[in-house]
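S.K.: Take a look and give me a structure for this.
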Amino acid sequence: MLPLKKSSSAPALVYLVYQKMSLSNVLPETVRRRGSMTKFFLVFLTLFFFTYISLLFSRYAIQRTDLGFLSASNPLTRLKNPDSFFSLNKELRVVEEGEEEDGGGRRSRRVSSSVRDFVGYESVSILMPAWEVLLIVSSEAPPLLMAPVGGGDGGGLYCLFSNNATSEARYAGVLPFTNRTTFKCEMPKNTRRRRPYIQPVLTENPVVVEQSSSVQESQANKTELIRNTFFVYESLSTENDVILFVKGVNHRQGINRKPDEFRCVFEDAQKTTVKTAVTSSVQEVFRCHHPDLTAFGPNTNIKVSLEIETEKRAVPSVALYAPHTTTTAPARRTIANQEPKKLLCACTMVYNVAKYLREWVTYYSKLGVEKFILYDNDSDDNLTEIVNELNRDGFNVTTLLWLWPKTQEAGFSHNAVFSNDTCRWMMYMDVDEFVFAPSWINESQPSDQLLRSLYLNEKSPYVGQVSFQCNDFGPSDQLTHPVEGVTQGYTCHRWVVQQRHKSIVLLDAVDDSLVNVVHHFGLKRGFRWNQMGPESAVVNHYKYQAWPEFKAKFRRRVSAYVVDWRESLNPKSKDRTPGLGFEPVEPDGWPKMFCDIRDDRLKLLSRKWFGTGTGSKMVWQQRRR
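M.R.: Numbers count the residues shown, from 1 in each chain. You can find the predicted model right below:
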């Protein structure tokens with residue numbers, strides 16, 4: 001063994017190991033055997049030491065390439081409008097990752113550098129269920145963002161995350177009350193392991209910026225993603241107050257924190273802040289006083305949030321405030337009297353119901369419903385196309401984008417205020433629910449007097465709400481959606497009349513707290529609640545449909561206080577489907593389940609009213625020309 005000289009180029013630890021090994025050559029054999037374990041340990045320690053050093057420097061190098069949320073504090077950010085979006089148009093070095101084949105036919109990564117413009121748009125982001133990220137862009141964003149574009153068409157937008165991972169940004173619509181464009185993208189799997197979750201950048205190029213120390217953003221300047229379980233998601237102004245819709249504060253139905261625990265906080269771009277008292281705290285609805293607008297500058301967006309005084313913190317918010325006015329355009333955050341007041345309207349929250357909608361609208365239009373208001377919970381079917389067709393055919397159907405998950409009660413509270421200037425009575429009924437009265441069987445034609453006779457009683461002017469019990473219909477041997485409609489395809493229901501009920505509500509009678517239990521409201525003092533017996537009228541609820549339809553429907557429950565069917569919680573809840581379990585697996589004998597009573601009364605009646613006389617087709621199977 002050649003001698004090793006100690007020098008500055010040889011690490012001290014390596015030199016010591018060498019000395020130990022050299023010394024062992026002159027020791028007796030018995031001593032060398034005793035030292036064998038020591039030699040092995042020193043070699044292992046040396047390898048561990050160099051491995052640790054390598055990983056440490058490698059980790060440091062990776063961290064230097066991270067791109068966090070590019071805020072206005074970043075020296076490379078140039079704000080075109082501090083209230084709208086930012087555009088980073090400087091020439092930056094970027095790293096493009098590709099693949100090429102080597103000589104053996106195998107594919108390996110190729111990394112090359114180039115110079116390209118990087119454009120990012122300011123947004124606020126919320127982490128939604130199933131690792132979706134919702135990005136809300138300013139109403140003053142460029143026209144590019146106002147069109148339904150996507151990453152798949154080559155000229156789309158992408159989400160750039162803090163670890164340089166990207167995913168395509170899907171256009172998700174324009175929020176109707178703030179006129180802001182929204183996009184959705186999936187959080188990449190390798191980003192989900194990095195805590196805290198940082199808001200992504202919405203960009204036109206899926207590039208990775210090679211940062212230097214001059215542009216490295218500190219962790220303190222990075223903005224965390226808002227969680228959909230705890231944030232202010234909407235606001236609405238009335239003449240007298242402001243209404244906030246907030247998740248994660250009042251957790252349980254019927255258990256609400258006191259209003260004096262909170263303050264509404266209004267803040268403009270210059271960080272001018274005004275706080276007002278909260279007057280009501282029920283479920284996800286909080287009411288408070290208007291702020292003094294003289295404290296704010298003209299023509300500025302005012303953010304509004306909820307402060308929990310007892311915890312000394314504010315709830316994250318994506319809501320904006322606008323003063324009440326009766327001249328505001330429909331796509332604003334205030335209540336506006338845009339059309340003559342209708343006697344009866346219908347409101348429901350929908351998700352992928354396009355195939356059912358024409359039957360539901362046709363049926364109720366003939367019974368006296370003058371206007372339909374759909375809170376669209378992020379449908380991805382052809383709902384817009386069907387709604388446009390219905391409006392061209394003479395129906396009055398309005399769709400409002402409502403992206404917030406599990407907020408049905410809050411959505412109906414919102415509607416009770418927002419629609420009060422245009423509707424006197426509101427029917428809260430899902431698109432698979434049809435009111436039926438046995439006395440209608442002898443009617444040769446439908447009439448707007450039929451529903452009116454149930455809710456409008458001149459002899460009882462103080463009735464503020466009329467409710468109907470439900471018959472829950474089963475699959476009735478159907479394997480797929482019946483093309484002639486649910487009233488024709490499902491004719492078998494459970495023997496027990498369900499405690500669940502659906503209602504027609506006088507909006508002026510709704511309690512100021514806006515408290516509701518999905519389909520009925522609390523009423524102001526002095527108004528009565530009339531509950532119909534099944535002999536007078538009942539709701540045919542086509543709840544347990546053919547398995548593909550049922551599975552799609554219950555993939556996402558919209559009620560805030562109903563447990564997701566896939567979660568193994570509260571298995572004895574009345575909201576759970578008997579025999580279903582927690583997995584989306586079709587139970588044995590599903591087509592024949594929930595079939596205790598054959599009931600084809602509404603099938604025969606609707607065929608008499610809406611049959612075309614041509615084969616078995618119904619009027620909702622063909623468009624009017």
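
S.K.: Please make it C-alpha for all contacts and neighbour counts, starting now.
M.R.: Fine.

S.K.: List the residue ranges of the stretch 1-150 of the chain that fall below the pLDDT cut-off.
M.R.: The model of the stretch 1-150 of the chain has pLDDT under 70 over residues 1-120, 139-150.

S.K.: and if we set it to 90?
M.R.: Applying pLDDT under 90 to the stretch 1-150 of the chain flags the ranges 1-123, 138-150.

S.K.: Give me the helix or strand of the protein that scores worst on average pLDDT.
M.R.: Every helix and strand of the chain was ranked by mean pLDDT, DSSP states H and E. The lowest is strand 107-117, at a mean of 35.

S.K.: Give the helix, strand or coil label for residue 307.
M.R.: Taking DSSP: H, G, I helix; E, B strand; the rest coil as the rule, one finds residue 307 in the strand state.

S.K.: quick one, phi psi at residue 493?
M.R.: Comment: the main-chain dihedrals of residue 493 come out as phi -130, psi 170, following degrees, to the nearest 10.

S.K.: Would you check that it makes contact with residue 471?
M.R.: Yes - using C-alpha atoms under 8 Å, residue 493 and residue 471 qualify as a contacting pair, with a distance of 6.4 Å.

S.K.: List the residues that contact residue 370.
M.R.: Contact partners of residue 370, counting by C-alpha atoms under 8 Å, 6 or more residues apart in numbering, are 342, 343, 344, 345, 395, 396.

S.K.: Roughly how far does it sit from residue 240?
M.R.: Relative to residue 240, residue 370 is positioned 28 Å away (criterion: C-alpha to C-alpha, to the nearest Å).

S.K.: and if you look at residue 354?
M.R.: As it turns out, when the distance is counted by C-alpha to C-alpha, residue 354 lies 38 Å from residue 240.

S.K.: The two - which one has more neighbours?
M.R.: Set side by side, residue 354 and residue 240 show more neighbours around residue 354, with 19 against 10, by other C-alpha atoms under 10 Å.

S.K.: For the more buried one, which non-adjacent residue is closest in space?
M.R.: The shortest distance from residue 354 to any non-neighbouring residue, by C-alpha to C-alpha, 6 or more residues apart in numbering, is to residue 383 (4.7 Å).

S.K.: Run a quick neighbour tally on the one you found.
M.R.: Other residues near residue 383 come to 20 when the count uses other C-alpha under 10 Å.

S.K.: and it, what pLDDT?
M.R.: Reading off the confidence values, residue 383 has pLDDT 95.

S.K.: got the contact list for it?
M.R.: Residue 383 sits next to 352, 353, 354 when contact means C-alpha under 8 Å, 6+ apart.

S.K.: Just the CA coordinates for stretch 171-185, please, in PDB.
M.R.: Taking Å, rounded to 0.1, in the frame of the first residue of the first chain, the C-alpha atoms of stretch 171-185 are listed here in PDB:
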ATOM      1  CA  TYR A 171     -61.700  27.400 -18.000                       C
ATOM      2  CA  ALA A 172     -64.400  27.200 -15.300                       C
ATOM      3  CA  GLY A 173     -66.600  30.200 -16.200                       C
ATOM      4  CA  VAL A 174     -67.300  33.800 -15.000                       C
ATOM      5  CA  LEU A 175     -68.600  34.400 -11.500                       C
ATOM      6  CA  PRO A 176     -71.900  36.100 -12.000                       C
ATOM      7  CA  PHE A 177     -71.800  38.400  -9.000                       C
ATOM      8  CA  THR A 178     -68.200  39.800  -9.400                       C
ATOM      9  CA  ASN A 179     -67.600  39.300 -13.100                       C
ATOM     10  CA  ARG A 180     -64.300  37.500 -12.400                       C
ATOM     11  CA  THR A 181     -63.000  34.700 -14.600                       C
ATOM     12  CA  THR A 182     -62.200  31.300 -13.100                       C
ATOM     13  CA  PHE A 183     -59.900  28.400 -14.000                       C
ATOM     14  CA  LYS A 184     -59.400  25.000 -12.500                       C
ATOM     15  CA  CYS A 185     -56.300  22.900 -12.600                       C
END
